[in-house]
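Undergrad: Fold the following and give me the result.
(one chain, ligands or ions: 1)
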Amino acid sequence: MDIIEKRLKEELKNSYSPYSHYPVSALVICSDGSEYAGVNIENASYGATVCAERVAIFKAVSDGKRKGDLKELHVMVGSGRVGTPCFLCRQTIGEFFDEDADVVCYSTEGDKKEFKVRDLCPFPFGSEDLMQPV
Ligand SMILES: [Zn+2]
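TA: This next block holds a predicted model:
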């Protein structure tokens, strides 16, 4: 188990997932070497739940990081299987990561799958899709 897997496994303990019992941890690694960890944070009002990936990304962005700074995203789910980011998270990943950035998804059992952002987000909706004011 490499150091990132160990870190993700440790972070899983911080997941607040009393409703789904589906803990998730995420780690954003930036080009300057800084790291931002996140976990899923659920809510009795389910729609207020936030995924681990977005918590980690938002921590980086709120610290001043922008597209081009975020280089890798690592995600671990506690179900025993490898999970991939939901589509809300994929939209957020597309906003803040370059299409050739790496997304690595881990199980707690040593399995992992590696993707490029372009693979997870093949037809992204971005700022260029917004209508321009006339
Ligand atoms: Zn998500």
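
Undergrad: Need the nearest residue in space to the residue nearest in space to the middle of the chain, chain neighbours excluded.
TA: In the chain, the centroid-proximal residue (Cα atoms, centre = their mean) is E53; its distance is 2.4 Å. In space, and not counting its chain neighbours, E53 is closest to C89: 4.1 Å by Cβ to Cβ, 6 or more residues apart in numbering. Heads up, the C-betas are built off the backbone N, CA and C, glycines and all.

Undergrad: what's the next secondary structure element after whichever strand or helix holds that neighbour?
TA: C89 belongs to helix 87-96 when assigned by DSSP states H and E. Counting by DSSP H and E, the next helix or strand C-terminal to helix 87-96 is strand 97-106.

Undergrad: Buried residues of the helix or strand that comes right after that next one, list them for me.
TA: Next along the chain after strand 97-106, taking DSSP H and E as the criterion, comes strand 112-116. Neighbour counts over strand 112-116 (16 or more other Cβ atoms under 10 Å) mark 112, 115 as buried.

Undergrad: What of stretch 55-72?
TA: Within stretch 55-72, the residues that qualify as buried are 55-61, 65, 69-72, counting by 16+ other Cβ under 10 Å.

Undergrad: Now do the strands in the chain.
TA: Applying DSSP state E to the chain gives strands spanning 24-30, 35-39, 70-77, 97-106, 112-116.

Undergrad: need those in JSON lines with mean pLDDT and distance to L12, can you?
TA: JSON lines is the format used below for those (pLDDT from 0 to 100; distance: least, Cβ to Cβ, whole Å):
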{"stretch": "strand 24-30", "mean pLDDT": "98", "distance to L12": "5"}
{"stretch": "strand 35-39", "mean pLDDT": "98", "distance to L12": "7"}
{"stretch": "strand 70-77", "mean pLDDT": "98", "distance to L12": "6"}
{"stretch": "strand 97-106", "mean pLDDT": "98", "distance to L12": "10"}
{"stretch": "strand 112-116", "mean pLDDT": "98", "distance to L12": "15"}
